[in-house]
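1. what follows is a protein structure lacking sequence information:
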């Protein structure tokens, strides 16, 4: 029997390459989520992934390209949110429509955050995209701005239909989106609720989704009613 090592088949070699490429992506995701983009080096990513340093550049190029690739890998979550929104938009207008838009916006993210495979990515969205750096701006423009535009349009149309006598503008809808996003991201990133509630609440509890939805919906409605009140009817003298 020959003592020579077996030659890997093309199939096994391809599987190894794919596996190592995936290891790099997951390692970068974990490190970026924990420490931020600028605090992590390519060498640290290679060590975390247990691959040669050169292999990181071979598969992904520069560090900012690897950062971009993480969000491209998870772009299906954005598609899920947009598909949910499209389903809501096909429905006739009702008072429940605003709530359904908010649910389409937050539900996939809450599910992702509560899953082991999506935890690092959800945390990366809260930490990695906070600073307005060049690499974060590129990700926002390529992946999140088109989704934001779609949700803002839906919010504007729905609020204008629900409050026909109010001066609901696209700016009103844009602020509603921005503040809703802030509530969602803060929920994902701040784990103090266990301490502040004296143990009654669990950080990132998926069951809090209904509470968060109602908080956002009533906040949007309250803001529209406060800042765009219906005009009062003048009394006839």
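-> Great, that's in hand. Predicted, not measured: the structure shown is a model, and the values here were computed from it.

2. where along the protein do the helices fall?
-> Using DSSP state H, the helices of the chain run over residues 10-35, 42-49, 53-60, 63-73, 75-89, 97-113, 119-127, 134-139, 145-162, 170-189, 193-196, 209-227.

3. how about these in a markdown table, adding mean neighbour count and distance to residue 203?
-> The C-beta positions use only the backbone N, C-alpha and C, and glycine is treated the same way. A markdown table is the format used below for the helices of the chain (neighbours: other C-beta atoms under 10 Å; distance: least, C-beta to C-beta, whole Å):
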| stretch | mean neighbour count | distance to residue 203 |
| --- | --- | --- |
| helix 10-35 | 16 | 15 |
| helix 42-49 | 17 | 24 |
| helix 53-60 | 16 | 31 |
| helix 63-73 | 18 | 23 |
| helix 75-89 | 15 | 20 |
| helix 97-113 | 21 | 10 |
| helix 119-127 | 20 | 11 |
| helix 134-139 | 16 | 24 |
| helix 145-162 | 18 | 25 |
| helix 170-189 | 17 | 9 |
| helix 193-196 | 12 | 6 |
| helix 209-227 | 15 | 13 |
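
4. so which of those is nearest residue 202?
-> Nearest to residue 202, of all the helices of the chain, is helix 193-196, at 6.2 Å by C-beta to C-beta.

5. distance of the closest residue in space to residue 52 that isn't next to it in sequence relative to residue 182?
-> Distances taken as C-beta to C-beta, 6 or more residues apart in numbering put residue 46 closest to residue 52, at 6.7 Å, once the chain neighbours are dropped. Separation of residue 46 from residue 182 (C-beta to C-beta, to the nearest Å): 35 Å.

6. tell me the predicted confidence for residue 123.
-> We have a pLDDT of 85 for residue 123.

7. right, and it touches residue 189 too?
-> Yes: using C-beta atoms under 8 Å, residue 123 makes contact with residue 189 at a distance of 6.8 Å.

8. now for the residue nearest to residue 52: which residues touch it?
-> Residues counted as contacts of residue 46 (C-beta atoms under 8 Å, 6 or more residues apart in numbering) are 24, 27, 52-53, 55-56.
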